[in-house]
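[1] pasting the structure only:
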């Protein structure tokens, strides 16, 4: 059976982490491990981690150089066939999500990337709406010209394919990383399932302008300035026609 490493990066995440710990711990799929990389929290985060500690969990608490540095550390600690990056407050859609995601097709073909849909939830974990950008039926590295069509958390990469996040980006290194992973991939598999409950808050949301500037740089790097400019004009029109719920 293909194994999954779930990587969660934390810093003073006492208010949101328990939902993530519980969700990973309740998964019905046996070959799963939970890697937690904590940046030296000062609140009750470590108490929570210790409370949920189990043989399928590995964790470390030490200073780091930010979110993406911690994600790189987590990937280096992982042993699973696939990597899933789940933030504190995020959760799998249901207790059997990983079991359904790791279908016979995945077991037999071992795709490079698995992806699916994302639901947006509130602070209590209650459903708000589906993510506005729907995952395409067929995903390629050129798909992200239209924006980040697949949520980072619902984008699972084979560990043997992994390259570190580029620490030159503070807020949107995940966009660059997803594009680079897709460029390396041969088989990208659409699970056609809702995989993740995504907490409607995060570093990118809190730093939206800086994140958007980084995303423009990333897209121009991969797709060229002319294409990126034209697509960003469309993004502005789309935001007016279909505003975020």
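    Done, it's in. Just so it is clear, the model here is predicted, and its values are computed rather than measured.
[2] residues in contact with the closest residue to residue 46 other than its chain neighbours?
    Using C-beta to C-beta, 6 or more residues apart in numbering and skipping the chain neighbours, the partner closest in space to residue 46 is residue 61 (5.9 Å). For every residue, glycine as well, the C-beta is placed using N, CA and C. Residue 61 sits next to 38-41, 46, 49 when contact means C-beta atoms under 8 Å, 6 or more residues apart in numbering.
[3] same thing with residue 24?
    Shown in contact with residue 24 (C-beta under 8 Å, 6+ apart): 6, 8, 32, 34, 86, 92.
[4] how many neighbours does residue 125 have?
    Number of residues near residue 125 (other C-beta atoms under 10 Å) recorded here: 15.
[5] change the start of the numbering to 746 and stick with it
    Shifting the count to begin at 746 puts that one at residue 870.
[6] distance of it relative to residue 943?
    To residue 943, residue 870 is 11 Å away according to C-beta to C-beta, to the nearest Å.
[7] flag the shaky bits of this protein, pLDDT-wise.
    Confidence mapping of the chain against pLDDT under 70 gives the ranges 946-951, 972, 975-990.
[8] what ranges do the helices span in it?
    Ranges of helices in the chain, per DSSP state H, are 762-770, 790-797, 812-822, 842-846, 849-854, 918-929, 948-951, 953-968, 970-986.
[9] which one of those helices lies closest to residue 904?
    Residue 904 lies closest to helix 812-822 among these, at 7.3 Å (C-beta to C-beta).
[10] find the centremost residue of the chain, please.
    Residue closest to the average C-alpha location in the chain (C-alpha atoms, centre = their mean): residue 898, at 2.2 Å.
[11] how big is the angle separating the strand ranked longest in the chain from helix 918-929?
    In the chain, taking DSSP state E as the definition, the longest strand is strand 933-944. With axes from the mean of the first three to the mean of the last three C-alpha atoms, to 10 degrees defining the directions, strand 933-944 sits at 170 degrees from helix 918-929.
[12] now find how far off-centre strand 933-944 is within its chain.
    10 Å (C-alpha atoms, centre = their mean, to the nearest Å).
[13] that strand pairs with which strands, and in what direction?
    If you go by DSSP bridges, strand 933-944 pairs up with strand 836-837 (antiparallel), strand 858-866 (parallel).
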